[in-house]
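# here are the coordinates; sequence isn't available:
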């Protein structure tokens, strides 16, 4: 019995152990990794990955996938930079526009997937390319720098009680999101839809509506984190969404190997976001060649997808 | 029981056609308030289709549904959710539960107690759901997650959910197929209480015992037509079985008389991990066709999958030609010259985007290779053409994609492929499921020829005419056990069906 309990523990917390071990490794062997400056740096980077992951994990819990962030983040980033620098928008109205754009993208993919049953993979990849095109059209391929706007840059550089503002935003978002996912019926229904859509339909849950909502929530998060990403880098470099793409996918799939039996979950996605940022940061500090970073991240993603697939199989052996 | 002759729900002149089959023809069904009404018939007789039309999951081609007797309220245009509010409740054959949710969440899914801002009232959810599940069983805690429960316990949760709405009409589609003994007792206790409260029940079952124990009225469907409705008390078990089978002209299956040889294959004390409850023993002889029959969930497929090494076994030995063999994987089985033609050809048997030729040589490609890797295209083509001709696969050519063939011809490709190997023992799992009559006849002829050439054949089918026409011997499974072994020469369709439905001893008329 003890061995079974041990196996259960490993299957639920094994990937968390991996995170802890690798973090400990960097603490010991990467100079300056564990110093407060660097930790703050990690927090700021994690915030972007984490907020985007919250969006993706919503769609994954509803049983679909949304890869559009690779394009929408770049587009909304460019939009924010343009609005505050060229159009003189205030921070909040610019953020509002970015979130609205994200919601609109989410609505389009959600409606196509939920109402007409198109493949979410293909729809969201198409949206990604459309957004990349729009980004290029909007910026004419030029980088828009954000300068002399302390009100805007405060978000990326400011601190409240010693913590980076972006981190506080992420923590607040996680708490609110977690409450919605676990306490509100709509959040719970989205998971029911993802696990057994027939059961949800039979129980009278509005499947099409809630699936669309899930995509819109994802879009909203993508738009928001795209804007924050541009602020963090003080301007938007063309196709910046591409750098977020792999870490976010990785965080969500890696997160699915944690705490549950192969199901996407919030806590896992947040831990996964930290993990992927730590790898990026740690590898950079240990002077590993820069091209190794995406290779390592890709390998971890494959590993995580593999573990998730195995877990699902274990469950599916007991058929309903 | 509430004695009351009012009609609660009435279906009139229901027609429903699916591609290639008329599922229902002019079926009437009248269920009185407070009665339990059994719906029986062979596989494909239209039982599930009829209740799915009643709950609006399917829409009929013609016909009407009314609530009540006079001053009828027509409900043909309502949706399932509207009907649910009016007191209908259906327990699906495939349970429809959310695995990672708790029992409480599943029982009240879509009807959770909520606060004003739509958050969950967890303690109320737990309390309400535990009063509901306590009607069924004390053994399941509402806080455990469904994925942690056994299959039987999950079925009990689905039943609890079906009664959670306090329905006036409860429809159960083979509720006992997934229940263990204890679960069946719990269900019956619940149904008896509900009957006393005046709940109307429609009960689909393949088990005679249950029908006589639970139901007042029985309707028999045969090939999509209603053949009988009457009180259960007035009809004997054997008579009921005769009604289900009917006296129709049987489709002739040509059975060639072949001398049966020595034992080529046997299993001893064999028990798969899944579904099968008791150790199984049987022999198979050369040139013999051994049928295995039983209703859905009896354990037929699970048994042969474990024999073929697809699923795990708990115990048992397998002998090929008297020699003990160890089968741990399908490769071992194929090496021992055993071949399984699976039930679900699209998922397990074929690559539908490959051509007929490619599918035919997929499993035995090694044979057509020079130096072990270079495909000898000419040899492969000749062989493929031979197989197509041999089994009369209707295809424009061997390069046609398999997805463009009809179901029957796809199945023939799967079978031919089995033939292309060196197997001596063939297991066919429902090879004629969902294919047309012409293709069926060709498959029967082909299997007959295989037997004549000396192969031993295990033939799984729930269709009794097939078993009786094709096989030499039949094992009847019920609830995960082999209930009876019958020689086809000395039995009748009625007798086989009697055991398929869980009858105890055939021959004496047991009434009531």
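Received the coordinates, thanks. As the structure is a computational prediction, the values presented were derived from the model and not from experiment. Residues are numbered from 1 along each chain as shown, chains lettered A, B, ... in the order given.

# how about low-confidence regions in the stretch 51-200 of chain B?
B:69-71 (pLDDT under 70).

# scratch that, the stretch 101-250 of chain A is what I was asking about
Within the stretch 101-250 of chain A, no stretch has pLDDT under 70.

# and the residue of chain B closest to chain A?
Nearest residue of chain B to chain A: residue B:110, at 3.1 Å (CB to the nearest CB). Yep, even glycine has a C-beta here, placed from its N, CA and C like the rest.

# give me the nearest residue to that residue, chain neighbours excluded.
residue A:203 (3.1 Å; CB to CB, 6 or more residues apart in numbering or on different chains).

# so which elements touch the helix or strand harbouring residue A:295?
Residue A:295 belongs to helix A:292-316 when elements are defined using DSSP states H and E. Helices and strands touching helix A:292-316, by 3 or more CB pairs under 8 Å, 6 or more residues apart in numbering or on different chains; DSSP states H and E, are helix A:2-29, helix A:241-256, helix A:266-285.

# make it 6 Å
With contacts taken as 3 or more CB pairs under 6 Å, 6 or more residues apart in numbering or on different chains; DSSP states H and E, helix A:292-316 sits against helix A:241-256.

# and the residue nearest to residue B:167 when sequence neighbours are not counted, how far is that from residue B:99?
Excluding its sequence neighbours, the residue lying closest to residue B:167 (CB to CB, 6+ apart) is residue B:89, at 3.5 Å. Distance of residue B:89 to residue B:99, given as CB to CB, to the nearest Å: 22 Å.

# tally of neighbours for the residue of chain B closest to chain A?
By other CB atoms under 10 Å in any protein chain shown, 18 other residues sit near residue B:110.

# and what of residue B:59?
Neighbours of residue B:59 (other CB under 10 Å): 10.

# what sits closest to it if chain neighbours are left out?
Nearest one to residue B:59, counting by CB to CB, 6+ apart, is residue B:53 at 7.3 Å.

# that neighbour against residue B:62, yeah?
No: with contact defined as CB atoms under 6 Å, residue B:53 does not reach residue B:62; the gap is 11.0 Å.

# looking at the two, which one has more neighbours?
residue B:53 (25 against 12).

# helix or strand for that one, which one?
helix B:47-54.

# neighbours of the closest residue to chain B within the stretch 201-320 of chain A, how many?
The minimum distance from the stretch 201-320 of chain A to chain B, using CB to the nearest CB, falls at residue A:203 (3.1 Å). Residue A:203 is flanked by 22 other residues according to other CB under 10 Å.

# got the phi and psi for it?
Backbone torsions of residue A:203, given as degrees, to the nearest 10, read phi -80, psi 0.

# my read: it touches residue B:109, true?
Yes: between residue A:203 and residue B:109 there is a contact at 4.1 Å, judged by CB under 6 Å.

# shared neighbours, the two?
Counting by CB atoms under 6 Å, 6 or more residues apart in numbering or on different chains, residue A:203 and residue B:109 have no shared contacts at all.

# so residue A:68 sits against residue A:128, correct?
Yes: using CB under 6 Å, residue A:68 is in contact with residue A:128, at 4.6 Å.

# higher neighbour count, those two?
residue A:68 (34 against 25).

# residues contacting the more buried one?
Taking CB under 6 Å, 6+ apart, we find residue A:68 in contact with A:124, A:127-128.

# how about stretch A:175-195, does it reach chain B?
Yes: residues of stretch A:175-195 are located near chain B by CB under 6 Å from any CB of the partner chain, namely A:183-185, A:192, A:195.

# give me every residue in the stretch 1-150 of chain B lying close to chain A.
Looking at chain A, the residues of the stretch 1-150 of chain B close enough under CB under 6 Å from any CB are B:81, B:95-99, B:109-110, B:112, B:114, B:118-120.

# make a markdown table out of these and add secondary structure.
Output for the residues of the stretch 1-150 of chain B next to chain A, formatted as a markdown table (DSSP: H, G, I helix; E, B strand; the rest coil):
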| residue | secondary structure |
| --- | --- |
| B:81 | helix |
| B:95 | coil |
| B:96 | coil |
| B:97 | coil |
| B:98 | coil |
| B:99 | coil |
| B:109 | coil |
| B:110 | coil |
| B:112 | coil |
| B:114 | strand |
| B:118 | coil |
| B:119 | strand |
| B:120 | strand |
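
# now a PyMOL select for only the buried ones of these.
Buried residues among the residues of the stretch 1-150 of chain B next to chain A (16 or more other CB atoms under 10 Å in any protein chain shown), as a PyMOL selection:
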select buried, chain B and resi 95+96+97+98+99+109+110+112+119+120
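
# per-domain residue ranges of chain B.
Using automatic domain parsing, the domain ranges for chain B come out as B:4-245, B:251-337+B:423-504, B:352-421.

# want to throw those domains into CSV with distance to residue A:33?
Below are those laid out as CSV (distance: least, CB to CB, whole Å):
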stretch, distance to residue A:33
domain B:4-245, 37
domain B:251-337+B:423-504, 47
domain B:352-421, 50
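
# next, the contact list for residue B:471, please.
B:289, B:291, B:459, B:488.

# counting neighbours, what do you get for the second one?
What that stands for is residue B:291. Counted with other CB under 10 Å, residue B:291 comes out at 25.

# state the helix or strand in which it lies.
Per DSSP H and E: residue B:291 is located in strand B:289-293.

# cool, and residue B:206?
Going by DSSP H and E, residue B:206 is not part of any helix or strand.

# could you measure from the nearest residue to it once chain neighbours are set aside over to residue B:458?
Leaving aside its chain neighbours, residue B:206 sits nearest to residue B:295 (3.9 Å; criterion: CB to CB, 6+ apart). Separation of residue B:295 from residue B:458 (CB to CB): 18 Å.

# settle it for me: which of the two has more neighbours?
Under the neighbour definition other CB under 10 Å, residue B:295 and residue B:458 were set side by side, and residue B:458 has more, 26 against 21.

# part of a strand, is the more buried one?
Yes: applying three-state DSSP, one finds residue B:458 inside a strand.

# hang on, it packs against residue B:290?
Yes: applying CB under 6 Å as the test, residue B:458 and residue B:290 come out as touching, 5.2 Å apart.

# what's around residue B:117, how many residues?
Using other CB under 10 Å, residue B:117 has 7 neighbouring residues.

# now do the one 5 residues further on
By the other CB under 10 Å criterion, the neighbourhood of residue B:122 contains 16 residues.

# before we move on, which element is the nearest residue in space to residue A:107 that is not next to it in sequence in?
Computed as CB to CB, 6+ apart, the closest residue to residue A:107 that is not its neighbour in sequence is residue A:216, at 5.3 Å. Taking DSSP H and E as the definition, residue A:216 sits inside helix A:207-232.

# just checking, what packs against that helix?
helix A:36-61, helix A:69-85, helix A:91-116, helix A:150-157, helix A:185-195.

# swap the cut-off to 8 Å and go again
helix A:36-61, helix A:69-85, helix A:91-116, helix A:150-157, helix A:165-183, helix A:185-195, helix A:197-202, helix A:241-256.

# between helix A:91-116 and the first one, find me the angle.
Using axes from the mean of the first three to the mean of the last three CA atoms, to 10 degrees, one finds that helix A:36-61 and helix A:91-116 are set 30 degrees apart in direction.

# identify the residue nearest the geometric centre of the chain.
Looking at chain A here, since you left the chain open. residue A:53 (1.7 Å; CA atoms, centre = their mean).

# to clarify, I was referring to chain B.
Closest-to-mean residue, chain B, CA atoms, centre = their mean: residue B:296 / 2.7 Å.

# so how far is residue A:60 from that residue?
With CB to CB as the criterion, residue B:296 and residue A:60 are 34 Å apart.

# cool, and residue A:43?
24 Å.

# what about these two, which has more around it?
More crowded of residue A:43 and residue A:60, by other CB under 10 Å: residue A:60, with 25 against 19.

# is it true that the more buried one touches residue A:251?
No: no contact is recorded between residue A:60 and residue A:251 when judged using CB atoms under 8 Å, the distance being 11.1 Å.
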